[in-house]
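Undergrad: what follows is a predicted structure for the sequence shown.
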Amino acid sequence: MEIMHKLASHLKTRLVELNRAKQQGRKIVGYTPGGYLPEELILASGAIPICLIRGGDHSVVELTGAYLCRWIDTFCRAQIGYAVSGDDPYYSIVDLLAIPITDNHIRAISDITDHSTDIEVFPFGVPHMKEESTFSYYLHGITRLKAKLEALTGTEITKPKLREAISLCNRERELFREISLMRKSGPVPISSRDFVALNHASFLADKEVMVEILESLYKELKGRIALPDGHPRILLTGSTLAMGDSRVLDLIDEAGGEVVIEEFAEGIRPYWENVNPDGDLMKALAECYFMQRVPPAWFRPGNERRDFLIKLAKDFNVDGVIWYQLMYRESYKTESYYFPDKLKRDTGLRMLTVESDYDPSEMGPLRTRIETFIETIRGKRHG
Amino acid sequence: MPTIVAGVDVGSVATKVVLLDVGFEKGCASSFNIKSFSVKQSGAAFLKAAEDALAEALDLAGLMFKDVRYTISTGYGRQIVPFADKQVTEISCHARGAKHLFPDVHTIIDIGGQDSKTIRVDSQGGVSNFIMNDKCAAGTGRFLEVMARALGVKLQELGTLSFQSKNDIEVSSMCTVFAESEVISYLSKGFDKSDVAAAIHNAIARRVAGMVGQLGLVERVAMTGGVAKNPGVVRSLEMKLGTTLLLPEEPQIMGALGAALIAAGQISPDGISSAVGGSKA
C-alpha cells in the first residue's frame, strides 16, 4: 500500500523533524502508553506529544538487571532499559515524560527514570475503579498535568485551542474505529500487521499528517474489494503489543490465522469513544479517557473488560482468542487462568495463552503453541 | 504395490520415523499397518538425523524413498525437513497417535527430551486444549539425564533402581541445576541411590500433576514420549494422579505415528487428495 510507504517515510524523518522543532523552541512531551494520557492537552499547549511504545528487544531488557528486580513486566523493564541506556533516541529527545501510573509496573518506569536519568518525570495516578470520587481524582491528575504543561511551554491552554486539539484527536479515533470495523465479518481489507503499524505510527507521527494518512487510507479501503478467505479469525488480546514486538503477529500469520481485532492495555490506541467537544472540556477529557475507557486487567471489578472481550469476539465473528501477555504482568496472568471458562461458556470459543519475556529462545515453543491452536481451529471446522 | 506414508518427528533429543502401509476401502484410508520405525539421536545436525532415521526405516521395510507417497514432519525441528510435504505440530500428532492406539483416551501426558505437555483430546482425536511447559529442563528427559549422571547410573536403569527405595525423601527443587546439587547432597549424607532416584521421579510427577490439574483430569490418561519408558516416573505419576496410565509399547514414536496417520488422511488411492489446512504462503 502506497499510504503505508508514505507513513514509513514520515516516520523515518520524524526524529530529524523533532530535533528541528526542539531547536526552534518547541517542547517535546513523551508519555507512556496505556490510553490514560489525553494527548489533546499536550497539543493545545503547543508541545509535541510522543508515546514511548518501543519493545520486543531482549538485550534492552537485560540491561535493567542493575536497576531493578526481574519480576517487573517485560515491556516496562524494556522502557527502563531504553531510558537508562539512551538506546532509544525518542527517550533522549523528550523535555518531559508524563506517566499516568496505572499499576506498579508502570510506576517502576516512573521511579527509575526519575532516579537514574536526567529526564524530568511527571507522574499522576490512575484509579482502579470507576465512581464519582475516582473521577475527581483522575480529573485532578490531568488538571495538574495541564498546569505543568503550561509552565513548561509558557503557553496557556485556552478553551479554543483545547477544542481544536480535541476535534483533531476525535477525527483520528473515528478513523481508526471505522477502519477497524471494516474487519467485523467477511473478507478483511487490512491486515492486523498494517492496522497495528498504523496504531504504533500514530504514537510518534505528527497528528495532522497522521489524520491525513488515515483519511486517504479509509477512502482507499472502502473502494477495495478484499478477496474472500477461509483463514481462522483471531481476537488478539493481552497486556502490551509494543512497536517492534511483531513475533506473535508474524507467527499467527505464518500459521495461517488472521487477526481481525486487537485489544491491549498498551500498544493499541483506544479508539472506541470520542471526547465531547462541548461544555467543560477538562471534564469531557476525564469522561472519555477514564470513565469510558475499556479498563485493563488490573481494574476492579474486572467484568467490564472481560464482557467487552466477549462482545468483540461475537461482533468480529472470531474463531478463537489468543491471549498474549508479557512476563510478570500478574493481573493479566491471573485472568488468563479463568477467562477461558467464561469465553467457552459465553461463546463456545477456545483461548490460547502465550507469554513472552522478549527472549529469542521462546521462538520455537511459541510457534508450536500458535500452530497447534490454528490446527485445532481448522480441525474443528472440518470436524 | 502398497501405499506408504511417512511420519518424521524431529525432537530435541531423538528423531523418530514411522512408515505406515495404508489400506483403502471405497477411496478412504481404512487400515494402517506400521511397516517399520526407527529412532536416532538428533544430535547437533537435525537434518542428518532425519535423513538417517528415514533411511533406516526404509531399509527395515525394504522400501525406497520414491515409494513414500506423502510425508509429514513434526516435532521441534519440523521445519528443517526438506522432504516433508507438510508440517504439523507435535501436539496434534501425539493426540492422533495416542487416539489411534487407545480409542478411549482423553488426556495425554507427553514428556519428551526438552519439554512436557498435557493434551486434552476430544472423541474424534482432535486437540481440544493443551498446556506446554518449556520454561526450563525441569521435569523432562534432559532433567532425568542430568540426574542419572549425578547418581552415576545409566538413564535406562533409573526407573527400576527407584523401586528398591526404602526411605522416603524429597527433592524439592525443580531447577535442574539446584536439583542436581540436592541429589549430590543426599548422596553425601549416605542415602541410597534408589531413594534419591525415587525422589527424582516423585518430583517430576508432582510437577506434571500440577499441569494435569490445570486442564482437569479426564480418564483415560495415556503417557507418550521418551520419559514414558521410565517405569519409576510412570509409577510415581500413577500414584499422584490416582489412575492407571495407558502406555504404548513404543511411547517415543507416538508423534511420528500420529504424523504418518495424518499423512494417510492426505492421500487417496490414486493421488493426493485436497489437503486440509496449511499455511498462507
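TA: The structure has been received and is ready for your questions. Numbering: from 1, shown residues only, chains lettered A, B, ... in the order given.

Undergrad: hey, where'd the strands end up in the stretch 201-350 of chain A?
TA: A:233-240, A:258-266, A:320-326 (DSSP state E, counting those that start in this stretch).

Undergrad: chain B is nearest to which of those?
TA: strand A:258-266 (8.6 Å; C-beta to the nearest C-beta). In this view, the C-beta of every residue, glycine as well, is placed from N, C-alpha and C.

Undergrad: buried residues, the helix or strand harbouring residue A:160. List them.
TA: In the assignment (DSSP states H and E), residue A:160 maps to helix A:159-181. Residues of helix A:159-181 classed as buried: A:161-163, A:165-166, A:168-173, A:175-176, A:179-180 (neighbour count, 16 or more other C-beta atoms under 10 Å in any protein chain shown).

Undergrad: can you list the neighbours in contact with it?
TA: A:39-41, A:43-44, A:190, A:195, A:198-199, A:202, A:207-208, A:210-211, A:214-215, A:217-218, A:221, A:261, A:269-275, A:277, A:281, A:284-285 (C-beta atoms under 8 Å, 6 or more residues apart in numbering or on different chains).

Undergrad: buried among these? Make that a ChimeraX selection.
TA: Buried members of the contacts of helix A:159-181, defined by 16+ other C-beta under 10 Å, are picked up in ChimeraX with:
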select /A:39,40,41,43,44,190,195,198,199,202,207,210,211,214,217,218,221,261,269,270,271,273,274,275,281,284,285
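
Undergrad: related to what we said a few turns ago, report the angle between the helix holding residue A:160 and strand A:258-266.
TA: Orientation check (axes from the mean of the first three to the mean of the last three C-alpha atoms, to 10 degrees): helix A:159-181 against strand A:258-266 gives 150 degrees.

Undergrad: spatially central, which residue of the chain would that be?
TA: Since you didn't name a chain, this refers to chain A. Of all residues in chain A, the one closest to the mean position by C-alpha atoms, centre = their mean is residue A:267, 2.2 Å from it.

Undergrad: not quite, I wanted chain B
TA: residue B:225 (2.2 Å).

Undergrad: contact partners for it?
TA: Residue B:225 sits next to B:94, B:109-112, B:116, B:141, B:251-252, B:254-255 when contact means C-beta under 8 Å, 6+ apart.

Undergrad: equivalent analysis for residue B:243, please.
TA: B:217, B:219-221.

Undergrad: at 7 Å instead, please
TA: By C-beta atoms under 7 Å, 6 or more residues apart in numbering or on different chains, the contact set of residue B:243 is B:219, B:221.

Undergrad: need the three-state assignment for it.
TA: Assigned with DSSP: H, G, I helix; E, B strand; the rest coil, residue B:243 falls in the coil class.

Undergrad: measure it to chain A for me?
TA: 23 Å (C-beta to the nearest C-beta, to the nearest Å).

Undergrad: same question for residue B:95.
TA: According to C-beta to the nearest C-beta, residue B:95 and chain A sit 9 Å apart.

Undergrad: what's the helix or strand for that residue?
TA: Per DSSP H and E, residue B:95 falls inside helix B:90-101.

Undergrad: for that helix, what is the average pLDDT?
TA: What helix B:90-101 shows for mean pLDDT is 94.

Undergrad: mind listing what's buried along that helix?
TA: Neighbour-count burial for helix B:90-101 flags B:90-101 (criterion: 16+ other C-beta under 10 Å).

Undergrad: and it, what does it pack onto?
TA: Contacts defined by 3 or more C-beta pairs under 7 Å, 6 or more residues apart in numbering or on different chains; DSSP states H and E place helix B:90-101 against helix A:363-382, strand B:107-111, strand B:116-121, strand B:127-133, strand B:221-224, helix B:254-264.

Undergrad: where does the stretch 101-250 of chain B have low pLDDT?
TA: Applying pLDDT under 70 to the stretch 101-250 of chain B flags the ranges B:134-137.

Undergrad: got the residues of it near chain A?
TA: Residues of the stretch 101-250 of chain B lying close to chain A by C-beta under 7 Å from any C-beta of the partner chain are B:115, B:126-127, B:129-130, B:132, B:134.
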